[in-house]
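**Q** need the 3D shape of this:
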Amino acid sequence: MRLSRRDFIKTTFAGAAALATPALAMDKLTVVATTGMIADAVRHVGGDFVEVQGLMGAGVDPHAYRQTRTDIVAMTRADLVLWHGLYLEAQMQEFLHKLESRVTVRAVAEGLPRELLRAHPDYQDKFDPHVWMVPSLWKHCVENVRDAMIEVRPDMSGTFIANTSAFLDELDALQAYADTAIATVPEQSRVLITAHDAFSYFGRDFGFEVMGIQGISTESEAGLNRVGALVDLLVTRKIGAVFVESSVSDRSIRALTEGAAAKGHDVIIGGELFSDAMGQEGSYEGTYLGMIDHNVTVIANALGGKAPVRGMAGKLSAGF
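**A** Residues are numbered from 1 along each chain as shown. I've put the predicted structure just below:
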């Protein structure tokens with residue numbers, strides 16, 4: 001049967017589209033990132049020229065996360081695998097090193113200047129991995145993401161460099177907002193008590209005394225003595241707020257508030273902070289900018305400071 005001219009054109013274009021689609025998809029850089037924060041950086045650097053899969057979503061604890069079979073398949077098929085390093089993904093580290101023989105694998109925080117890092121109090125030659133808590137520190141990791149992507153796709157270097165520059169400007173604006181909002185918290189109120197020690201860089205760079213019930217890793221258990229000591233601290237120093245974390249059980253924090261109440265001192269839960277994972281995918285808090293905007297705004301307002309309720313750009317969810 002002969003096709004009409006109109007049907008011939010439709011058939012030809014349909015066939016061309018079918019052939020073109022895989023070619024366009026193959027032209028994109030495929031990246032697997034362990035944490036949401038790294039995946040977010042990849043999206044900013046790569047724009048429309050990258051396909052990124054983040055392994056750890058909202059509420060996931062990277063300290064305890066183990067790769068699944070689906071993760072392994074995705075990583076072995078990717079052009080580039082990015083992980084944080086500094087022993088954050090402790091349960092995946094051995095696998096990631098083995099993967100280096102098959103795929104380009106880079107740890108984006110390992111190359112940070114050691115003078116910027118906080119040493120681990122319990123382990124020699126180990127450092128606190130939670131550098132994303134301060135935008136000016138996270139900029140170094142974003143630049144390392146860019147460099148790893150250029151290493152694999154040098155033909156896209158111009159685009160990656162331009163996109164990175166624009167994102168670094170956004171991080172500078174976020175840092176400026178954080179500096180301004182935190183400065184409104186009274187000096188005597190700058191005590192941040194959370195479930196685990198994820199905020200030490202935040203404390204160092206913004207002038208807070210930070211105390212976690214657990215250590216740097218959520219794998220450590222909070223002892224009764226530690227909880228008791230922090231209850232005494234809350235009462236003695238009349239601290240009015242503590243914070244839960246999105247990726248850590250709130251059980252130990254609630255033990256603090258109950259212990260303080262038993263001694264006649266009321267302590268509120270000042271809000272939920274994003275520590276080791278961002279918010280829900282598709283939300284503003286599910287981006288790095290939104291994650292830090294949320295944390296800064298919640299901390300400032302809960303501890304007697306003054307920050308816009310909807311955050312830096314008015315994008316925070318109402319009623320957080």
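
**Q** so who does the nearest residue to Leu116 once chain neighbours are set aside touch?
**A** Nearest residue to Leu116 in three dimensions, chain neighbours excluded: Leu137, at 6.4 Å (CB to CB, 6 or more residues apart in numbering). All C-beta atoms are positioned from the backbone trio N, CA, C, and that covers glycine. Applying CB atoms under 8 Å, 6 or more residues apart in numbering, one finds that Leu137 lies in contact with Leu112, Leu116, Val131, Tyr201, Asp205.

**Q** my read: Leu273 touches Asn295, true?
**A** Yes. Under the criterion of CB atoms under 8 Å, Leu273 makes contact with Asn295 at 5.1 Å.

**Q** just the buried ones out of the contacts of Leu137, please.
**A** Leu112, Val131, Tyr201, Asp205 (16 or more other CB atoms under 10 Å).

**Q** list of residues touching stretch 104-119?
**A** 38, 41, 79-86, 88, 96-97, 99, 126-129, 131, 137, 140-141, 144-145, 148, 151-152, 200-201, 204.

**Q** just the ones of the residues you listed in helices?
**A** The helices, defined by DSSP state H, take in 38, 41, 96-97, 99, 137, 140-141, 144-145, 148, 151-152, 200-201, 204 from the contacts of stretch 104-119.

**Q** isn't Trp138 up against Tyr288?
**A** Yes. The criterion here is CB under 8 Å, and Trp138 meets it with Tyr288 at 7.1 Å.

**Q** give me the common contacts of these two.
**A** Met37, Ala41, Trp132.

**Q** what's the closest of those residues to Asp61?
**A** Distance to Asp61, by CB to CB, is smallest for Met37 among the shared contacts of Trp138 and Tyr288, at 13.8 Å.

**Q** can you tell me the closest non-neighbouring residue to the spatially most central residue of the chain?
**A** Nearest to the geometric centre of the chain sits Met37, at 3.6 Å (CA atoms, centre = their mean). Closest residue to Met37 apart from its sequence neighbours, by CB to CB, 6+ apart: Trp132 at 4.9 Å.

**Q** now do Glu245
**A** In space, and not counting its chain neighbours, Glu245 is closest to Ser275: 4.2 Å by CB to CB, 6+ apart.

**Q** near that neighbour, how many other residues are there?
**A** Neighbours of Ser275 under the rule other CB atoms under 10 Å: 27.

**Q** likewise Val309?
**A** Count around Val309 with other CB under 10 Å applied: 12.

**Q** show me the contacts for Gly282.
**A** So Gly282 contacts nothing (CB under 8 Å, 6+ apart).

**Q** Gln53 in helix, strand or coil?
**A** strand (DSSP: H, G, I helix; E, B strand; the rest coil).

**Q** surely it and Ala33 touch.
**A** Yes. If you go by CB under 8 Å, Gln53 and Ala33 touch, sitting 7.3 Å apart.

**Q** now for Arg43: which residues touch it?
**A** Arg43 touches Val50, Val52, counting by CB under 8 Å, 6+ apart.
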